[in-house]
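>>> Give me a 3D structure for the following:
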Amino acid sequence: MTVPPPAPGPPQPYPYGDPQPYGYGYGPPPPTGTNGLAIASLIFAFLFAPLGILFGHLSLAQIKRTGEQGHGLALAGLILGYVLTALGILFLVATIVVASLAIQAVDDYRAQNPGFPGTTAGPLPQNGLPPFKPPATLGSNCQYPATTEAASRPSRPPRTGRVPTTPPVVDATLVTDSGAIGLRLDNAKSPCTVNSFVSLAQQGYFDGTTCHRLTTSESLRVLQCGDPSGTGSGGPGYRFPNEYPTNQYRMTDPALQQPVRYPRGTLAMANSGPGTNGSQFFVVYEDSAMPPTYAVFGTVDETGLAVVDRIAADGVEDGSDDGAPKSAVTVESVRLD
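Purely as a prediction, here's the structure:
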């Protein structure tokens with residue numbers, strides 16, 4: 001005889017509590033959100049790429065630890081951060097290179113065209129060099145800082161600091177293969193300039209150099225010397241500021257840009273801008289028009305001017321009005337009398 005199964009009764013309690021379909025009593029995993037640093041990484045990749053890279057690495061570390069979402073955002077922020085940072089570096093390097101080339105081009109142009117502004121048509125200006133009024137600091141602190149360009153010939157900078165303005169005149173002779181050119185150096189007006197010129201002369205810096213430039217235009221007639229390289233770009237490896245006539249003006253005075261008449265017989269320094277005097281100098285053999293930004297430090301006697309007149313009469317080598325003199329001129333020495 002078959003015994004019927006017992007009727008179902010009430011459910012029996014699970015001996016260890018309610019059964020958990022997910023096991024171990026932990027229940028279903030909580031829902032995960034998007035990691036905040038992953039979002040920040042993508043945003044800052046556009047705003048400031050290095051921060052995008054930093055946030056991207058921090059985000060990936062957090063996501064690995066917490067299981068949050070946003071792995072793709074973090075990777076995108078990292079990649080964009082690295083790419084944009086690299087592009088930024090390349091742009092910065094390119095900007096620096098272009099700026100350096102531009103500055104070098106300007107310096108090269110100035111070096112190849114030192115000493116004089118472009119010539120202008122028309123009559124010479126009526127106003128000459130201004131009367132000399134000794135500045136309170138005249139000769140009190142002569143300085144000769146080094147230039148970035150090496151000296152064209154080994155030389156020592158002159159003594160710095162206070163330079164005496166006496167004797168007021170120092171006599172010298174520029175001995176050339178075309179004849180002797182007598183100089184009267186104006187120590188009372190331009191002591192720092194005379195100090196440099198005398199120092200270079202005593203070192204034999206000018207010996208065997210050429211007068212590399214002659215200008216014969218209507219408004220500018222000068223013979224330029226003092227560059228051992230003979231190229232117009234050489235110097236002693238140091239520079240110094242202008243003295244007379246520049247120091248008779250305020251630095252903001254528009255008159256500094258206006259030509260004045262430099263008289264025949266003037267001895268002045270060539271330069272390529274403010275504070276760039278070195279070793280190059282020029283003799284004005286006929287009245288010439290230039291702004292008062294070329295330091296006058298002496299005069300040439302009549303015998304010396306006759307020598308320069310003969311050189312100028314032969315003209316420029318290439319037939320123009322500005323270039324190497326046709327009659328080559330070599331400075332044999334500068335003798336202090």
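
>>> how about the helices in the stretch 101-250 of the chain?
Using DSSP state H, counting those that start in this stretch, the helices of the stretch 101-250 of the chain run over 191-202.

>>> In it, where is pLDDT below threshold?
Counting by pLDDT under 70, the stretch 101-250 of the chain has low-confidence residues at 101-122.

>>> So residue 60 versus residue 39, what's the distance?
As defined by Cβ to Cβ, to the nearest Å, residue 60 lies at a distance of 13 Å from residue 39. Every C-beta, even on glycine, is put in place using the N, C-alpha and C of the backbone.

>>> go on, residue 250?
Taking Cβ to Cβ, one finds residue 250 at 60 Å from residue 39.

>>> Who has more neighbours out of those two?
residue 39 (16 against 9; other Cβ atoms under 10 Å).

>>> Am I right that that one is in a helix?
Yes. With DSSP: H, G, I helix; E, B strand; the rest coil as the criterion, residue 39 is part of a helix.

>>> does it really touch residue 72, like I thought?
No. Assessed by Cβ atoms under 8 Å, residue 39 is found out of contact with residue 72, at 11.3 Å.

>>> Quick one: the strands in this protein, in order.
In the chain, the segments counted as strands under DSSP state E are 169-176, 179-186, 209-210, 213-216, 221-225, 260-262, 266-269, 281-284, 288-290, 296-300, 322-323, 330-336.

>>> right, so of these, which gets closest to residue 142?
Minimum separation from residue 142 across the strands of the chain (Cβ to Cβ) falls at strand 296-300, 12.6 Å.

>>> buried stuff in stretch 55-75?
55, 56, 58, 59, 60, 62, 63, 68, 70, 73, 74, 75 (16 or more other Cβ atoms under 10 Å).

>>> isn't the first one right next to residue 76, touching?
So that's residue 55. No. Contact criterion Cβ under 8 Å: residue 55 and residue 76 do not qualify, at 11.6 Å.

>>> what touches both of those two?
residue 41 (Cβ atoms under 8 Å, 6 or more residues apart in numbering).

>>> now stretch 127-146, how far from the chain's geometric center?
25 Å (Cα atoms, centre = their mean, to the nearest Å).

>>> what's the answer for stretch 64-83, then?
Centre to centre, stretch against its chain (Cα atoms, centre = their mean), the figure for stretch 64-83 is 45 Å.

>>> Report the rounded mean pLDDT for it.
Average pLDDT, stretch 64-83: 82.

>>> Enumerate every residue touching the nearest residue in space to residue 158 that is not next to it in sequence.
Spatial nearest neighbour of residue 158, excluding adjacent residues (Cβ to Cβ, 6 or more residues apart in numbering): residue 199 at 3.6 Å. For residue 199, the contacting residues are 156, 157, 158, 159, by Cβ under 8 Å, 6+ apart.

>>> Filter these down to the buried ones.
157, 158.

>>> Pick out the most distant pair among the contacts of residue 199.
Farthest pair in these, by Cβ to Cβ: 156 and 159, 9.5 Å.

>>> How many neighbouring residues does the closest residue to residue 210 other than its chain neighbours have?
Closest residue in space to residue 210, ignoring its immediate chain neighbours: residue 230 at 4.9 Å, by Cβ to Cβ, 6+ apart. By the criterion of other Cβ under 10 Å, residue 230 has 16 neighbours.

>>> Show the contacting residues for residue 230.
Neighbours of residue 230 in contact, by Cβ under 8 Å, 6+ apart: 209, 210, 212.

>>> again with residue 175
Residues counted as contacts of residue 175 (Cβ under 8 Å, 6+ apart) are 181, 331, 332, 333, 334, 335.

>>> quick one: residue 330 from residue 144, how far?
From residue 330 to residue 144 the distance is 27 Å (Cβ to Cβ).

>>> Counting neighbours, go ahead and name the busier of the two.
residue 144 (22 against 15).

>>> quick one, phi psi at the more buried one?
Dihedral angles of residue 144 (phi, psi; degrees, to the nearest 10) stand at phi -140, psi 70.

>>> just checking, it touches residue 241?
No. Counting by Cβ under 8 Å, residue 144 stays clear of residue 241, with 9.7 Å between them.

>>> Among the strands of the chain, show me which one is buried the most.
Most buried of these, by mean neighbour count (mean count of other Cβ atoms under 10 Å): strand 281-284, with a mean of 27.

>>> Can you give the contact residues for that strand?
Here strand 281-284 has contacts from 115-116, 181, 197, 213, 221-226, 262-270, 294, 297, 300, 304-305, 308, using Cβ under 8 Å, 6+ apart.

>>> again, but for stretch 131-145
157-165, 188-189, 191-192, 195-196, 238-241, 243-245, 247-248.

>>> try it again with 10 Å
156-166, 186-196, 199, 236-241, 243-245, 247-248, 275, 277-278, 296 (Cβ atoms under 10 Å, 6 or more residues apart in numbering).

>>> What separates the first and last residues of that stretch, distance-wise?
The first and final residues of stretch 131-145 sit 29 Å from each other (Cα to Cα, to the nearest Å).

>>> Check which residues of that stretch are buried.
Judged by neighbour count (16+ other Cβ under 10 Å), stretch 131-145 contains these buried residues: 132, 138, 139, 142, 144.
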